[in-house]
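Colleague: Sequence and predicted structure, then a few things I'm wondering about:
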Amino acid sequence: MLVGLAGLAIWHVLTVYPILGSPKQIQFFFSTPVEVLKRTWTEMTNPEIWGHLWITLQETVLAFVFGALGGIAFGFLFARNALLAAVFDPYIKAANALPRVVLAPIFALWFGLGIWSKVALGFTLVFFIVFFNVYQGVREVSPVVLNNARMLGMSERGLLRHVYWPSALTWMFSSLHTAVGFALVGAVVGEYLGSSAGLGYKIHEA
């Protein structure tokens, strides 16, 4: 908390006093903490904002759920099938290397300016984080544990439940923790580029 207060104090000093130049010119780009807080309070006390926040929350949740489920499913599938992983590995890495912001206008053309273009953008951010972590978690299973389980007659279903799944859980939860923030980023960035969504509320425009 002290770090945050110190940051606000520095922000205030640099935008109010002529240390880096004309305060009016600096405030044009950065404003002041007091003015930002006033504007935030005005917006948050306006009932209309809650409808927009509800739409953004829906976009975030849908992107997180679809991205996480897809990442988990394909992570397990590719980790358990070496041929499939070898064939599609270049394509997955190429898709992951694409800047997500570049995809936003394409999704807007495909899905329109409603919530689904934001969900698609958030999906691309969440999916690859979860996919690579689950994939690595399954591949990190100890060969000794696997061999012992197979010697005891454990079936593939049993291996999935008692060996692979527990091994991937740590990696999975770590990725999901990060993916929540990326789902929100995808929704907000998509709204900045253009949006029009209404669920009983006034048209949401960015």
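Modeller: Nice, I can see it.
Colleague: Can you tell me what sits against stretch 30-41?
Modeller: 8, 11-12, 15-16, 27 (C-beta atoms under 8 Å, 6 or more residues apart in numbering). Placement of C-beta: from N, CA and C, glycine included.
Colleague: Dump the residues you listed to TSV, plus secondary structure and distance to S142.
Modeller: Shown next, in TSV, are those (DSSP: H, G, I helix; E, B strand; the rest coil; distance: C-beta to C-beta, whole Å):
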residue	secondary structure	distance to S142
L8	helix	49
W11	helix	51
H12	helix	55
T15	helix	56
V16	helix	60
Q27	helix	59
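Colleague: And the residues you listed, which two are furthest apart?
Modeller: L8 and Q27 (15.1 Å; C-beta to C-beta).
Colleague: Is it correct that G21 falls within a strand?
Modeller: No - going by DSSP: H, G, I helix; E, B strand; the rest coil, the assignment for G21 is coil, not a strand.
Colleague: which residues in the protein form strands?
Modeller: Under the criterion DSSP state E, the chain contains strands at 196-197, 204-205.
Colleague: Could you tell me the least trusted of those strands?
Modeller: With a mean of 42, strand 204-205 has the lowest mean pLDDT of these.
Colleague: Now do the same contact list for the residue nearest the centre of the chain.
Modeller: Against the mean C-alpha coordinate of the chain, by C-alpha atoms, centre = their mean, the closest residue is F182 at 1.7 Å. Contacts were defined as C-beta under 8 Å, 6+ apart; by that measure F182 touches 122, 125-126, 129.
Colleague: ditto for G186
Modeller: 59-60, 63, 100, 118, 121-126.
Colleague: what's the model's confidence in the longest helix seen in the chain, averaged?
Modeller: In the chain, taking DSSP state H as the definition, the longest helix is helix 48-80. Mean pLDDT, helix 48-80: 91.
Colleague: roughly how far is that helix from the heart of the chain?
Modeller: 8 Å (C-alpha atoms, centre = their mean, to the nearest Å).
Colleague: ditto for stretch 87-104
Modeller: Relative to its parent chain, stretch 87-104 has a centroid offset of 15 Å by C-alpha atoms, centre = their mean.
Colleague: quick one, domains of this protein?
Modeller: 1-45, 48-205 (the TED database).
Colleague: Tell me which of the ones you listed is the most buried.
Modeller: Highest mean neighbour count among these (mean count of other C-beta atoms under 10 Å): domain 48-205, with a mean of 17.
Colleague: picking up where we left off before, tabulate the contacts of F182 in JSON lines, adding columns for pLDDT and distance to A82.
Modeller: Shown next, in JSON lines, are those (pLDDT from 0 to 100; distance: C-beta to C-beta, whole Å):
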{"residue": "G122", "pLDDT": "92", "distance to A82": "30"}
{"residue": "L125", "pLDDT": "92", "distance to A82": "27"}
{"residue": "V126", "pLDDT": "94", "distance to A82": "25"}
{"residue": "I129", "pLDDT": "92", "distance to A82": "23"}
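Colleague: So which of the residues you listed are in helices?
Modeller: When DSSP H is applied, the contacts of F182 are split such that 122, 125-126, 129 fall in helices.
Colleague: thinking again about what came up before, return the member of the contacts of stretch 30-41 nearest to S167.
Modeller: Of all the contacts of stretch 30-41, L8 has the smallest distance to S167: 44.5 Å, by C-beta to C-beta.
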